[in-house]
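Colleague: next input, structure requested:
(chains A, B and C)
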Amino acid sequence: MAENEKVQEHQPEWAHVAWAHLSAVRQRSPLVQCITNFVSMDLMANTLLAAGASPAMVHSLQEIPDFTPRTDALCINIGTLTADWMPAMKAAARTAVESGRPWVLDPVAAGASTFRLEACRELVGMRPTVIRGNGSEIIALSTASVGSSKGVDSSHESIDALQAAKSLAQASSCIVAVSGAVDLITDGQRVVGAQNGVPMMQKITATGCSVTALIAAFVAIDPLHAFEATASALSIFSIAGEVGMDMAKGPASLRMHLIDSLYGLDEAAIVHGVNIISLL
Amino acid sequence: MAENEKVQEHQPEWAHVAWAHLSAVRQRSPLVQCITNFVSMDLMANTLLAAGASPAMVHSLQEIPDFTPRTDALCINIGTLTADWMPAMKAAARTAVESGRPWVLDPVAAGASTFRLEACRELVGMRPTVIRGNGSEIIALSTASVGSSKGVDSSHESIDALQAAKSLAQASSCIVAVSGAVDLITDGQRVVGAQNGVPMMQKITATGCSVTALIAAFVAIDPLHAFEATASALSIFSIAGEVGMDMAKGPASLRMHLIDSLYGLDEAAIVHGVNIISLL
Amino acid sequence: MAENEKVQEHQPEWAHVAWAHLSAVRQRSPLVQCITNFVSMDLMANTLLAAGASPAMVHSLQEIPDFTPRTDALCINIGTLTADWMPAMKAAARTAVESGRPWVLDPVAAGASTFRLEACRELVGMRPTVIRGNGSEIIALSTASVGSSKGVDSSHESIDALQAAKSLAQASSCIVAVSGAVDLITDGQRVVGAQNGVPMMQKITATGCSVTALIAAFVAIDPLHAFEATASALSIFSIAGEVGMDMAKGPASLRMHLIDSLYGLDEAAIVHGVNIISLL
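Modeller: Predicted coordinates:
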């Protein structure tokens, strides 16, 4: 990445942007409705709580008309999708858009089956504010192809998905984030890379799902700057992983220290840690 | 609370009551059937195991006639309720009552939607032994009003819900517990406050759900004294949190130390820690 | 067990067999589809990741035709079974067999209800490669009787289930493993005992479920030697528990150290730790 000719200088203002977002989440405690998979519910709720947000794992079709308009953001994740979940996901997305609430989509294993890809594409058509996936997922979504991923783990580096991400962002008028060794964030024109995190985070289930929910919390407090909010959330979650890694002895202790660190991050850690650079 | 004129002296016998309950749970290992939300299943089962009880996450309608009469208590929690879960919840509650088994209701986010409130009220009508919620939930249930809570987190102190709790206990002939900085327990006449716990427990998802299951285990071994069993369970779970807090560096390590501490609590820790007082 | 006349000498070659299996899982990262209960999804996925496998919690009926043939093994667990999960479980089992993929069954609480027992027996008829349960579950399956277990916890020692296990293995032409203080593994003729593990593992929910998934990962990389793969997986998971116990202060920290240890186990720990003996 450092060799990439298009890389610009490290931009210190990103650290202040990121810190401002985390501070606002802690202060305002946005209510984030999560319609997510069974595997991630626990870690996702704990991630939001540790960041200062208020999670609500609410997914019944009947209460969406009452509940979704009172939330600050919505997170939809198709990890353990079955067909009976789709009506609530679609109703919540529609209600969020109608209520002016941002919503974030996590297209887990989008390319693993036709069923999954079609569900994702239907949701992508419902105007998400942000889509976050790994390289294989974003390529599957952008090219509408099945079979590009091995289960839920990516078989592509994030940089392989850059063009797919830009195309998807342009076609869907949303922010697209691609997780990987370097997280890429694009609005279809601008591209930034967040170079934080540690490889062992890939060995903890639901870290990807959880950072998507964190993006929702960050976008909730700054919906007009979803690009900046998304990059900030990705960077901060990864910094929590870096800080946690100093104490970890394996993936389970890293999971614990990651959440503890997210809860405790202070301005110095953010200013020191944020490593977001502009790519052309 | 200390200023409240109605507060009576600290009553040391509560420590012995609490310790006797925990000892009996460890010795008899009551089988507690849990019909609960997806977020809490893991922590709830681990809480019951750490306390010495035997959890059974069994919720299929078909096996309730076989299974529920053989359990020692039932815990029903509506956290991630959808309409298709209601028949099993109602059948289990009915079977528990018919079999003379105590059952405990956790009305999560009762005021967050009409759907949720109506489900709760239907369950409240099925003669729970104990209802445990936060201030907003108990107020919503008692006044049958939607909109009093922000998601699953309470926007009321427990003391704000005292009258609502007493009314609900009288109307439903059950014990009502209100969690908060001070946990309140009432049978409609008597009121005690359990002043244990640490604020960071609010930053761990499913701690409220888990203490409701612990109440079920305690009531299982002393169904004729559900008031005492409820206060004991709330106090002991909070003491485990206090002990855990001495080692915790954030909410995720507190979660771990809380369960470890619950497993290891000895008589001295209980006698030293229990802080239950009578309120008028 | 040491007094058992039929016990043969400790066989050091098992340590090399076990290490070879773990090394192969780490190198090849088999994709393991898990159709499992809600309680275990998180720990099961983290167990597979820590061992080097790639978990996929995929259970929708619609995507099984696409997805299951591309996996390396399938794990089916009926812990929180409801009737609507059966079609996907059966379709996945059928697809796995047709695709030549091994699959492993965890008959959680098989004897707790008629509903559960019948579901298990239907799945047993679909040619699982391995069945792993506790003593009460294997007895319930082998004798087709309800009521032999108290919830999900076993009321039998594994050795009590030895004849039931051999009968079940013969009748179903599969490997049967019985977890307990000594884990027993049989193909209907041969029997080995894996004498690893610590009692506190019983105080962590979903450890049994998780080792079943680990068996699936091990069998995935050596499907022609499912007997050896099963014994190796059980032994290695238990060794991770033994190593973790040295650092644990209770069941929650043991859970963390167990996963960390599984991730970090090296050849010396395996060679030193594996304690598998042949029983007649």
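Colleague: can you give me the end-to-end distance of stretch A:174-191?
Modeller: Between the start and the finish of stretch A:174-191 there is a gap of 13 Å, counting by Cα to Cα, to the nearest Å.
Colleague: near chain C, which residues of chain A show up?
Modeller: Those residues of chain A that sit near chain C, judged by Cβ under 8 Å from any Cβ of the partner chain, are A:37-39, A:42-43, A:79-83, A:109, A:112-116, A:146-147, A:150-153, A:202-206, A:248-253, A:255-256. From N, CA and C alone the C-beta is placed, and that goes for glycine too.
Colleague: give me the buried subset of those residues.
Modeller: The neighbour-count test (16 or more other Cβ atoms under 10 Å in any protein chain shown) applied to the residues of chain A next to chain C identifies A:37-39, A:42-43, A:79-82, A:109, A:112-113, A:115-116, A:146, A:150-153, A:202-206, A:248, A:250-253, A:255-256 as buried.
Colleague: for chain B, tell me which of the residues you listed show up nearby.
Modeller: With Cβ under 8 Å from any Cβ as the criterion, those include A:Phe38, A:Asp42, A:Arg255, A:Met256 near chain B.
Colleague: so of those residues, which ones are in helices?
Modeller: Assigned to helices by DSSP state H, the following of these qualify: A:Asp42, A:Arg255, A:Met256.
Colleague: with distance to B:Gly197 as extra columns, can I get those in TSV?
Modeller: Converted to TSV, those look like this (distance: Cβ to Cβ, whole Å):
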residue	distance to B:Gly197
A:Asp42	21
A:Arg255	24
A:Met256	21
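Colleague: how about the residues of the stretch 1-150 of chain A by chain B?
Modeller: By Cβ under 8 Å from any Cβ, the part of the stretch 1-150 of chain A that sits against chain B consists of A:31, A:33, A:38, A:41-42, A:45-46, A:49-50, A:54-63, A:66-67, A:70-71, A:88.
Colleague: and the strands in the stretch 51-200 of chain A?
Modeller: Along the stretch 51-200 of chain A, the stretches classed as strands by DSSP state E, counting those that start in this stretch are A:54-56, A:73-77, A:103-106, A:130-134, A:175-179, A:183-186, A:191-194.
Colleague: hey, which of these is tucked in deepest?
Modeller: By mean neighbour count, with neighbours taken as mean count of other Cβ atoms under 10 Å in any protein chain shown, strand A:103-106 ranks first of the strands of the stretch 51-200 of chain A at a mean of 32.
Colleague: so how far is it off the chain centroid?
Modeller: What separates the centre of strand A:103-106 from the centre of its chain is 7 Å, taken as Cα atoms, centre = their mean, to the nearest Å.
Colleague: ok, it: who's next to it in the sheet?
Modeller: In its sheet, strand A:103-106 lies beside strand A:73-77 (parallel), strand A:130-134 (parallel), with partners assigned from DSSP bridges.
Colleague: got a markdown table for the ones you listed, with mean pLDDT too?
Modeller: Supplementary listing: those in a markdown table, determined by pLDDT from 0 to 100:
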| stretch | mean pLDDT |
| --- | --- |
| strand A:73-77 | 98 |
| strand A:130-134 | 97 |
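Colleague: if we can go back for a sec, select from the buried ones among the residues of chain A next to chain C every entry located in helices.
Modeller: Checking those against DSSP H, those in helices are A:Asp42, A:Leu43, A:Phe115, A:Arg116, A:Pro251, A:Ala252, A:Ser253, A:Arg255, A:Met256.
Colleague: pull the most distant pair out of the residues you listed.
Modeller: A:Phe115 and A:Ser253 (36.4 Å; Cβ to Cβ).
Colleague: so for stretch A:239-254, mean pLDDT?
Modeller: Average pLDDT, stretch A:239-254: 98.
Colleague: sorry, back to before: now distance to C:Leu184 too, for the strands of the stretch 51-200 of chain A, in JSON lines please.
Modeller: JSON lines is the format used below for these (distance: least, Cβ to Cβ, whole Å):
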{"stretch": "strand A:54-56", "distance to C:Leu184": "43"}
{"stretch": "strand A:73-77", "distance to C:Leu184": "40"}
{"stretch": "strand A:103-106", "distance to C:Leu184": "42"}
{"stretch": "strand A:130-134", "distance to C:Leu184": "41"}
{"stretch": "strand A:175-179", "distance to C:Leu184": "43"}
{"stretch": "strand A:183-186", "distance to C:Leu184": "48"}
{"stretch": "strand A:191-194", "distance to C:Leu184": "50"}
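Colleague: nearest to A:Gly264, out of the ones you listed?
Modeller: With Cβ to Cβ as the measure, strand A:54-56 is the member of the strands of the stretch 51-200 of chain A nearest A:Gly264 (18.8 Å).
Colleague: parallel or antiparallel, which strands does that closest one pair with?
Modeller: strand A:31-35 (parallel).
Colleague: now the strand it pairs with - C-alpha only, CSV.
Modeller: What follows is strand A:31-35 as a C-alpha-only set of coordinates in CSV (Å, rounded to 0.1, in the frame of the first residue of the first chain):
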residue,chain,number,x,y,z
LEU,A,31,-30.3,4.4,19.8
VAL,A,32,-29.2,1.8,17.1
GLN,A,33,-31.7,-0.8,16.0
CYS,A,34,-30.0,-4.0,14.9
ILE,A,35,-31.6,-6.6,12.8
